[in-house]
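S.K.: predicted model follows, preceded by the sequence.
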Amino acid sequence: MALTVAAIIRIRNLYAVVMLGSIYSLLAAAIFVVLDAVDVAFTEAAVGAGVSTVLALGTIALTTSREKPPTHTALLPGIVVLLTGAALIYGTLDLAHYGDPEAPIHKHVAPTYLKEGPEKTGIPNIVTIVLASYRGYDTLGEVTVVFTAGVGVILLLGNWRRRSRRRERGGGENV
Amino acid sequence: MYSYLVLRVVAKLLIPFILLFALYVQFHGDFGPGGGFQAGVIFAAAIILYTLIYGLDAANQILPRGLLRFGIALGVLLFGGVGVYNLLVGGNYLDYSVMSHDPVHGQHLGILLVELGVGITVTSVMVNVFFTFAGYLAVDDKPAPGSKSPEESGRQG
């Protein structure tokens, strides 16, 4: 994955970058499977490696496939990124160890959900119970975000039918 | 794009299984891994694959844009509607226990409906975004009317 990221940073051909991004998503999906988060792996493989790659390719086809050379040095952004990364890594020192049963997150509501969830809903998949029932508001919010994104795209780009007709009427010089 | 025989045949073989898997993830999400989001994107991926191989016009015949726009709103409405229904029958918003005489059954039903709403919206949004992008491109590389194979147009018509 680190190799993929390094290549993405170096390469200026956006087509190759999109393909490398797809590979990165696939590797990330494999990591999620290793971590037993199959749901997330599904999403990562379908959205990251599939749909978003196709959308990025569509964007490239609409615009251009060469990245413009940078007009300024990357020194200041690089320093900011390094500082932020260092701060984040410093923050992880306070986190509980991975899989630690004494971690606060496993002490708060999680035992209740694990114990009560299947009894109250008759559904064995805890992820689904938390997502749809205990955290129904959050999921509704997420769906609304997706809805808003879809409406936004329709509003911004949805007039392609009219546009294409206009183009055809205009003599079709672009065809 | 429109004459790669291998791609067409392989896609035709794959797409039914992708769709079936999406439905499995959607409706079996209570028991196995999965749910509305995952099913939605897998379903959308199948449609997008179909569009890539067979062209936007063929895909539009299966999923008209009006239907997609309807679906975008329908999923959210289904989700919110379940919540409002719970309010009307005397529970809290999005508290599915009151949806049936048995709270456990009500929870199950509510989760199923809500996940269905999520799936519908996610599928519609994904496919619609892709159609919108592809619609801009299709103006430039639309196939000639005669380039469709007779078998294909017969199946579509």
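M.R.: Thanks, I have it. Numbers count the residues shown, from 1 in each chain, chains lettered A, B, ... in the order given.

S.K.: ranking helices and strands of the chain by mean pLDDT, which lands last?
M.R.: I went with chain A, as the question did not name one. Here the helix or strand of chain A ranked lowest by mean pLDDT, DSSP states H and E is helix A:160-169, holding a mean of 55.

S.K.: centroid residue for the chain?
M.R.: No chain was given, so I picked chain A. In chain A, the C-alpha closest to the average C-alpha coordinate belongs to residue A:48, at a distance of 6.3 Å (C-alpha atoms, centre = their mean).

S.K.: please go with chain B instead
M.R.: For chain B, the residue sitting closest to the mean C-alpha position, by C-alpha atoms, centre = their mean, is residue B:123 at 3.7 Å.

S.K.: quick one: the helices in chain B, in order.
M.R.: Shown for chain B, the helices assigned by DSSP state H span residues B:5-27, B:36-54, B:56-62, B:65-88, B:103-138, B:150-156.

S.K.: what comes up buried for the longest one?
M.R.: For helix B:103-138, the buried set under the neighbour-count rule, 16 or more other C-beta atoms under 10 Å in any protein chain shown, comprises B:103-104, B:106-136, B:138. From N, CA and C alone the C-beta is placed, and that goes for glycine too.

S.K.: could you find the closest non-adjacent residue to the most far-flung residue of chain B relative to its centre?
M.R.: When distances to the mean C-alpha position of chain B are computed (C-alpha atoms, centre = their mean), the maximum falls on residue B:90, with 32.4 Å. Distances taken as C-beta to C-beta, 6 or more residues apart in numbering or on different chains put residue B:98 closest to residue B:90, at 5.9 Å, once the chain neighbours are dropped.

S.K.: ok, that neighbour - contacts?
M.R.: The neighbours of residue B:98, taking C-beta atoms under 8 Å, 6 or more residues apart in numbering or on different chains as the test, are B:86, B:89-91, B:106.

S.K.: what's the burial count for residue 88?
M.R.: In the absence of a named chain, chain A is used. Here the neighbour count serves as a burial measure; for residue A:88 (other C-beta atoms under 10 Å in any protein chain shown) it reads 9.

S.K.: oops, I was thinking of chain B
M.R.: Per other C-beta under 10 Å, the neighbour tally for residue B:88 reads 9.

S.K.: tell me how far it lies from residue B:116.
M.R.: Spatial separation of residue B:88 from residue B:116 under the definition C-beta to C-beta, to the nearest Å is 20 Å.

S.K.: equivalent analysis for residue A:8, please.
M.R.: As defined by C-beta to C-beta, residue A:8 lies at a distance of 37 Å from residue B:116.

S.K.: ok, residue A:126 next?
M.R.: Taken as C-beta to C-beta, the span from residue A:126 to residue B:116 is 20 Å.

S.K.: what about the helix or strand where residue A:155 lies, distance to the chain center?
M.R.: Taking DSSP states H and E as the criterion, residue A:155 maps to helix A:136-157. On the basis of C-alpha atoms, centre = their mean, to the nearest Å, the separation between the geometric centre of helix A:136-157 and that of its chain is 15 Å.

S.K.: quick check, pLDDT for residue A:133.
M.R.: At residue A:133, the predicted lDDT confidence score is 75.

S.K.: counting neighbours, what do you get for it?
M.R.: In terms of burial, residue A:133 registers 23 neighbours under the definition other C-beta under 10 Å.

S.K.: same check, this time on the one 3 residues further on
M.R.: The number of residues packed around residue A:136, counting by other C-beta under 10 Å, is 23.

S.K.: can you give me the pLDDT of it?
M.R.: 79.

S.K.: mind listing what it touches?
M.R.: Residues in contact with residue A:136 (C-beta under 8 Å, 6+ apart) are B:83, B:94, B:114.

S.K.: report the separation between the closest residue to residue A:58 other than its chain neighbours and residue A:56.
M.R.: Across the structure, with C-beta to C-beta, 6+ apart as the measure, the residue nearest residue A:58 apart from its sequence neighbours is residue B:133 (3.8 Å). When distance is defined by C-beta to C-beta, residue B:133 is 10 Å away from residue A:56.

S.K.: my guess is residue B:83 contacts residue A:140, does it?
M.R.: Yes: if you go by C-beta atoms under 8 Å, residue B:83 and residue A:140 touch, sitting 7.2 Å apart.

S.K.: spit out the residues that contact these two alike.
M.R.: Residues touching both residue B:83 and residue A:140 by C-beta under 8 Å, 6+ apart: residue B:94.

S.K.: ramachandran angles for residue A:66?
M.R.: The main-chain torsion angles of residue A:66 are listed as degrees, to the nearest 10 and equal phi -110, psi 130.

S.K.: number of nearby residues for residue A:10?
M.R.: 9.

S.K.: report pLDDT for it.
M.R.: pLDDT, residue A:10: 78.

S.K.: now the contacts of residue B:98 in a markdown table, with pLDDT and distance to residue B:51?
M.R.: As requested, those are exported to a markdown table (pLDDT from 0 to 100; distance: C-beta to C-beta, whole Å):
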| residue | pLDDT | distance to residue B:51 |
| --- | --- | --- |
| B:86 | 83 | 38 |
| B:89 | 81 | 42 |
| B:90 | 77 | 46 |
| B:91 | 76 | 42 |
| B:106 | 80 | 39 |
